[in-house]
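*Asks:* okay, sequence plus prediction incoming.
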Amino acid sequence: MATVFISLPVTDLERSKAFYTALGCTINPEMSDENGVCVVWDDNIFFMMITREFFATFTEKPIADPRVTLQTSASFALDSRDEVDAVIAKGLAAGGTEPQPAQDYGFMYSRDLDDPDGNSLGFLYMVPGGAEQEPAAQATTA
């Protein structure tokens, strides 16, 4: 299994820590300092929340403002619709926003959550074997 590190620019490290721990993540203090915080999603997935200023030292490209430009979205498949709704509720309570209504495709239920900096996260539940049963399913909002 590969280990995944997703680096995201943020404006406030303490706010990011509070938001992601509210979602159930932990912080790895050994990989955190004044420039960035290592958010542990699970044993193989880590978010590196890096100050915008320090993030800019890794590239010559301009750093996008995730509040107005979506460049990437990390999505997580969960075990039930209830788990999707629960993580969204936690994120909204911790200062996140839901940029669009839930999408219900019958075989897949999906909701998006933007963190306080505008970085996009997706959470979904897929009915086991459901995609094969409903290949022409149309999206509806929940």
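*Replies:* Right, received. Where do you want to start?

*Asks:* return the set of buried residues in the top helix by length along the chain.
*Replies:* As assigned by DSSP state H, the longest helix anywhere in the chain is helix 81-93. Within helix 81-93, the residues scored as buried using 16 or more other C-beta atoms under 10 Å are R81, V84, D85, V87, I88, K90, G91. Backbone N, C-alpha and C define where each C-beta goes, glycine included.

*Asks:* tabulate those residues (a markdown table), appending pLDDT and distance to Q103.
*Replies:* Below are the buried residues of helix 81-93 laid out as a markdown table (pLDDT from 0 to 100; distance: C-beta to C-beta, whole Å):
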| residue | pLDDT | distance to Q103 |
| --- | --- | --- |
| R81 | 97 | 12 |
| V84 | 98 | 11 |
| D85 | 98 | 13 |
| V87 | 97 | 15 |
| I88 | 98 | 12 |
| K90 | 98 | 19 |
| G91 | 97 | 17 |
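
*Asks:* pick the one among those closest to G118.
*Replies:* Minimum distance to G118 across the buried residues of helix 81-93 is 12.9 Å, recorded for G91 (C-beta to C-beta).

*Asks:* so what sits opposite the residue nearest to the closest one when sequence neighbours are not counted in the bridge?
*Replies:* Using C-beta to C-beta, 6 or more residues apart in numbering and skipping residues adjacent in sequence, the residue nearest G91 is L113, 4.4 Å away. For L113, the beta-bridge partners are L121 (DSSP bridges).

*Asks:* didn't L113 look like it was pressed against A86?
*Replies:* No: assessed by C-beta atoms under 8 Å, L113 is found out of contact with A86, at 11.7 Å.

*Asks:* domains of this structure?
*Replies:* 1-59, 72-142 (automatic domain parsing).
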